[in-house]
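Q: What follows is a predicted protein model with its sequence.
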Amino acid sequence: MASVTSLTDSVQQQLASALSATRPEAAGADPLLRRSDRADFQANGILALAKKAKSNPRELAAEVVARITTGDLIKDVEVSGPGFLNITVADRAITGNLAARYADDERLGVPLNENAGITVIDYAQPNVAKEMHVGHLRSAVIGDALRGMLDFTGEKTIGRHHIGDWGTQFGMLIQYLFEHPGELAPPEEVDGEQAMSNLNRVYKASRALFDADEEFKERARKRVVALQSGDKETLELWQQFVDESKVYFNSVFEKLDMEIRDEEIVGESAYNEGMPETARLLEEMGVAVRSEGALVVFFDDIRGKDDQPVPLIVQKADGGFGYAASDLTALRNRVDELHATTLLYVVDVRQSLHFKMVFETARRAGWLNEDVTAHNMGYGTVLGADGKPFKTREGETVRLEDLLDEAVQRAAEVVREKARDLTEDEIRERAAQVGIGAVKYADLSTSPSRDYKFDLDQMVSLNGDTSVYLQYAYARIQSILRKAGEVRPAARPELELHEAERALGLHLDAFGDTVFEAAAEYAPHKLTAYLYRLATLFTSFYDKCPVLKADTPEQVGNRLFLCDMTARTLTKGMGLLGIRTPERL
Ligand code: ARG
């Protein structure tokens, strides 16, 4: 499908060429185009240029205006203030551009990035044999949304779910299972809930034994050594924990309406074999040094208490490897084998120091360089409605599943209240889409680095910046289109537009630019803000401009077209974020 140049880009191009025709030395200068309340666009760049050339900005602006041909694209341009340009776009250009987008249902005319790279994105990384909690929610939701947006721009993305499936804690679990076989059911025989309850039972029992029985403790310690040396029987028992946990993870991801590919679940254990080599390479290059028997990396700017340097520990004095060695080995794999150009980690901001040290080490080793960059999208904490870290009334961490169930239940109340003609099955389906959408949207609409309050009342509210509000806008449009029956949407570029139609149309045209910006900045909240504005602009258009009762058949067709184009943009944008838009609500 043919891609469409956005009105912003077209106007920008015209301005830039008028500018360089006026002042050849200004060729390539940015006219700094912004959307504005005073006109469709405002260009601010002339001020800086005039300053540089020591000329009068208003005069320079007037010269540029004289070189702009008004017509098909620009209807009007005038100098304002100290030397801004206010630009009004022709109605015909707005409708025409949207019509071209409408013809491309798949991408709405948004071009693909021709210089796209490969991003390996590390997200949704729970830990084996442990319950997922609210902290795991953000990584999954943000990671999935970033991936949707990046894919849409043409970037190739590869997911890596770096699950915690390795370490000394498995000694205790495996030894217990060895002594009590049959405590974990075969994965095909359990659902997520049963799997987790089995794992919890085994965990509690083995922990109790470990704390009470010195001899068991010793056997568990030996089991760690057996696991690390690749003992076959030990690995088989370990695999049972991983398989049982995956049943549980997958049930939660399914509830989250998220597709997780099995081949992308590559946990810490996968890097076990490569860790000695990572250590050897770092030591040979002199990046890591021996200190009190351990192999460590020091940093000038990372110091702890008493101004003592805090090192990254690649290998412990007892020869063991930990979290840092597995991340460094994973990094090498992603660069060498997956050919990543960008490494993106969606991990709690509390691990930012770990990643700072891992990245700096990798840079010194040359694994990261000008061709490969790494970025930790560190996200903030989920707070309760009281503004404190989210806990149950008993002070325990909140189970992710309970939280999701409650959101769906709340959503069911809202759905039931609104739509009296839905069957129970329909209510259940919509409630899941509304409830899970609400959780995702609330998470995505705050800047990821900030903490946010998990407030279900606010999340499923029909007024305000919520996914339900957007889903209703979408469903309302579908109902209008159904009512229109035989009358189909049809763009009429020759028609003059109402102010509210212009505002909606200009915003619709900016969808692709917005997705590109949000993807480049890893800022899903920029896309949610765009979609929310889209829904409010639609609401005011619908208030002011009768659609089915418009004056002429041409106008009815054109307004239906604006409705449909809004719906398509809403569903596309929400879809990139992993949120569904039901046809009826
Ligand atoms: N499993 C870890 C946790 O629950 C997160 C893993 C993050 N990814 C990584 N490459 N270190 O805290």
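A: Received it, and whenever you're ready, just let me know what you need.

Q: can you give me the strands in the stretch 201-350 of the chain?
A: Taking DSSP state E, counting those that start in this stretch as the criterion, the stretch 201-350 of the chain contains strands spanning 289-291, 294-297, 312-315, 342-345.

Q: now swap in the chain and tell me
A: In the chain, strands defined by DSSP state E lie at 33-35, 41-43, 74-80, 84-89, 118-122, 156-160, 289-291, 294-297, 312-315, 342-345, 373-376, 382-383, 452-453, listed in chain order.

Q: Could I get the full set of helices for the stretch 201-350 of the chain?
A: For the stretch 201-350 of the chain, applying DSSP state H, counting those that start in this stretch gives helices covering 214-228, 232-255, 275-284, 323-336.

Q: now do the stretch 401-550 of the chain
A: Using DSSP H, counting those that start in this stretch, the helices of the stretch 401-550 of the chain run over residues 424-444, 456-459, 467-484, 499-509, 511-520, 524-544.

Q: For the third one, list every residue counted as buried.
A: Pointing back at helix 467-484 there. Of all the residues in helix 467-484, those buried under the rule 16 or more other CB atoms under 10 Å are 467-478, 480-481, 484. Bear in mind the C-beta positions are built from the backbone N, C-alpha and C, glycine included.

Q: just curious, which of those is nearest to the ligand?
A: Of all these, the ligand sits closest to S467, with 26.3 Å by CB to the nearest ligand atom.

Q: what does the lowest-mean-pLDDT helix or strand in the chain rub up against?
A: Averaged element by element with mean pLDDT, DSSP states H and E, the chain has its least confident helix or strand at helix 45-53 (a mean of 84). The set of residues external to helix 45-53 that reach it, using CB atoms under 8 Å, 6 or more residues apart in numbering, is 19, 23, 25-26, 29-33, 56-57, 59-61, 64, 82-85.

Q: That one: which residues count as buried?
A: Residues G45, I46, L47, L49, A50 are the ones in helix 45-53 that count as buried (16+ other CB under 10 Å).

Q: what's the farthest-apart pair in the residues you listed?
A: Taking CB to CB, the two most distant members of these are G45 and A50; they sit 9.7 Å apart.

Q: State the distance from T168 to the ligand.
A: Here the criterion is CB to the nearest ligand atom, to the nearest Å. By it, T168 lies 15 Å from the ligand.

Q: what residues are up against that residue?
A: When contacts are taken as CB under 8 Å, 6+ apart, T168 is in contact with V224, G320.

Q: Repeat that for the one 3 residues further on.
A: With contact taken as CB under 8 Å, 6+ apart, G171 is in contact with A220, R221, K222, R223, V224, L227.

Q: before we move on, back to that, by mean pLDDT, show me the worst of the helices of the stretch 401-550 of the chain.
A: Across the helices of the stretch 401-550 of the chain, the stretch with the lowest average pLDDT is helix 456-459; it has a mean of 91.

Q: The ligand contacts on this protein?
A: D122, Q125, N127, H162, G164, D327, Y345, V347 (CB under 6 Å from any ligand atom).

Q: Among those, name the buried ones.
A: When neighbours are counted using 16+ other CB under 10 Å, the residues of the chain next to the ligand contain these buried positions: D122, Q125, N127, H162, G164, D327, Y345, V347.

Q: Now for the residues you listed: which two are most distant?
A: Every pair in those was compared (CB to CB); the two farthest apart turn out to be N127 and Y345, at 16.1 Å.

Q: between the strands of the stretch 201-350 of the chain, which gets nearest to D91?
A: Between D91 and the strands of the stretch 201-350 of the chain, the shortest gap by CB to CB is with strand 342-345, which sits at 41.0 Å.

Q: Check which helices and strands that closest one is in contact with.
A: Applying 3 or more CB pairs under 8 Å, 6 or more residues apart in numbering; DSSP states H and E, one finds that strand 342-345 contacts strand 118-122, helix 323-336, strand 373-376.

Q: now F355: how far from L343?
A: F355 is 10 Å from L343, where distance means CB to CB, to the nearest Å.

Q: Just give me the neighbour total for the residue in the stretch 451-585 of the chain positioned nearest to the ligand.
A: For the stretch 451-585 of the chain and the ligand, the shortest gap (CB to the nearest ligand atom) falls at Y522, measuring 15.9 Å. In terms of burial, Y522 registers 18 neighbours under the definition other CB atoms under 10 Å.

Q: ok, it touching L146?
A: Yes - at 5.8 Å, Y522 counts as touching L146 under the criterion of CB atoms under 8 Å.

Q: which residues do those two both contact?
A: Shared between the contact lists of Y522 and L146 (criterion: CB under 8 Å, 6+ apart) are residues L344, M377.

Q: so can I have CSV of the strands of the chain showing mean pLDDT?
A: Compiled in CSV, the strands of the chain are given as follows (pLDDT from 0 to 100):
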stretch, mean pLDDT
strand 33-35, 90
strand 41-43, 94
strand 74-80, 95
strand 84-89, 95
strand 118-122, 98
strand 156-160, 98
strand 289-291, 96
strand 294-297, 98
strand 312-315, 97
strand 342-345, 98
strand 373-376, 98
strand 382-383, 90
strand 452-453, 88
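
Q: For F178, which of these is the nearest?
A: strand 312-315 (28.1 Å).

Q: could I get the closest one in CSV with only the CA atoms?
A: Once non-C-alpha atoms are left out, strand 312-315 reads as follows in CSV (Å, rounded to 0.1, in the frame of the first residue of the first chain):
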residue,chain,number,x,y,z
LEU,A,312,30.2,-5.6,39.6
ILE,A,313,30.8,-9.2,40.6
VAL,A,314,31.4,-11.4,37.6
GLN,A,315,32.5,-14.4,39.5
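
Q: Mind listing residues that contact that strand?
A: Surrounding strand 312-315, the residues in contact under the criterion CB under 8 Å, 6+ apart are 275, 278-279, 282, 288, 294-297, 299, 321-322, 324-325, 328, 354, 357-358, 361.

Q: which residues sit in contact with L562?
A: By CB under 8 Å, 6+ apart, the residues touching L562 are L98, E501, L504, G505, L508, F541.

Q: what's near enough to touch the fifth one?
A: Residues counted as contacts of L508 (CB under 8 Å, 6+ apart) are L98, R101, L534, L562, M565, T566, T569.

Q: what do you get if the cut-off is 10 Å, keeping everything else the same?
A: Each residue near L508 by CB atoms under 10 Å, 6 or more residues apart in numbering is listed here: 94, 97-98, 101-102, 108, 534, 537-538, 562, 565-566, 568-570.

Q: now, among those residues, which is nearest to R303?
A: Using CB to CB, the shortest approach to R303 within the contacts of L508 belongs to L534, at 48.0 Å.
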